[in-house]
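Student: Got a sequence here, can you build the structure:
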Amino acid sequence: MRNLTNSEISQLQQQHCTAENWQNIFVDEYFSCEEINNTIFSGKVILDEHVKISRCEIANYHIKNGSVIKNVNSLTVEGESTFGNGIEVSVLNEAGGREVKIFDRLSAHIAYILTLYRHRPMLIEKLNILIDKYVSEQTAGIGIIGEKSKQSSAGACKIGRFLLILCHKKRR
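Tutor: Model prediction:
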């Protein structure tokens with residue numbers, strides 16, 4: 001990854017792009033800014049090659065190779081986030097007492113054990129320690145838009161400490 005060159009910054013500015021600090025924008029060795037316009041960058045932003053971005057505000061994201069982002073009012077990560085990992089949800093009993101920490105690798109088997117093996121407290125404790133370790137490894141201040149992802153016509157996608165809000169634009 002490298003910083004933008006002065007000519008790339010000039011081209012982006014001609015394409016109606018702005019940045020809070022151009023030095024916080026990092027790009028792939030083969031990056032081309034031809035397909036990026038009407039975009040506001042803030043925080044740390046990493047752009048891989050072959051990305052297409054238009055009419056968007058992006059803060060603290062890594063946009064992977066081949067991704068397309070169009071008409072997204074705001075795509076931001078604020079502070080450290082677990083991206084939904086580690087949030088406890090009540091299962092089996094709505095009054096509580098059988099919470100399971102969700103995470104992006106949670107299987108039906110692990111959820112079953114965490115829910116129904118409460119009579120094995122050491123097992124539950126060790127599983128929760130492993131889950132907590134995984135969650136801490138996933139915690140970051142920068143989000144990732146995966147390779148060849150497409151995001152379009154969304155009002156805002158804002159991620160905070162334990163929060164993800166996705167608001168779609170209203171259709172008329």
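Student: From here on, just use CA atoms for contacts and neighbour counts.
Tutor: Noted.
Student: quick one: the helices in the chain?
Tutor: Under the criterion DSSP state H, the chain carries helices at the ranges 6-14, 108-116, 121-138.
Student: Can you report how many residues lie near Ser81?
Tutor: 22 (other Cα atoms under 10 Å).
Student: Hmm, I typed the wrong one, I wanted Ile36.
Tutor: 22.
Student: give me every residue that touches it.
Tutor: Going by Cα atoms under 8 Å, 6 or more residues apart in numbering, Ile36 touches 12, 15, 17, 51-54.
Student: Identify the residue nearest it in space, chain neighbours excluded?
Tutor: Once flanking residues are discounted, Ile36 sits nearest to Ile53: 4.7 Å by Cα to Cα, 6 or more residues apart in numbering.
Student: Can you tell me how far the spatially most central residue of the chain is from Asn6?
Tutor: Residue closest to the mean C-alpha point of the chain, counted by Cα atoms, centre = their mean, is Gly143 at 3.1 Å. Noted for Gly143: a distance of 26 Å to Asn6, by Cα to Cα, to the nearest Å.
Student: what does Ser149 give?
Tutor: Relative to Asn6, Ser149 is positioned 28 Å away (Cα to Cα).
Student: same deal with Asp104?
Tutor: Taken as Cα to Cα, the span from Asp104 to Asn6 is 40 Å.
Student: re earlier: which one of the helices of the chain lies closest to Ala95?
Tutor: helix 108-116 (13.7 Å; Cα to Cα).
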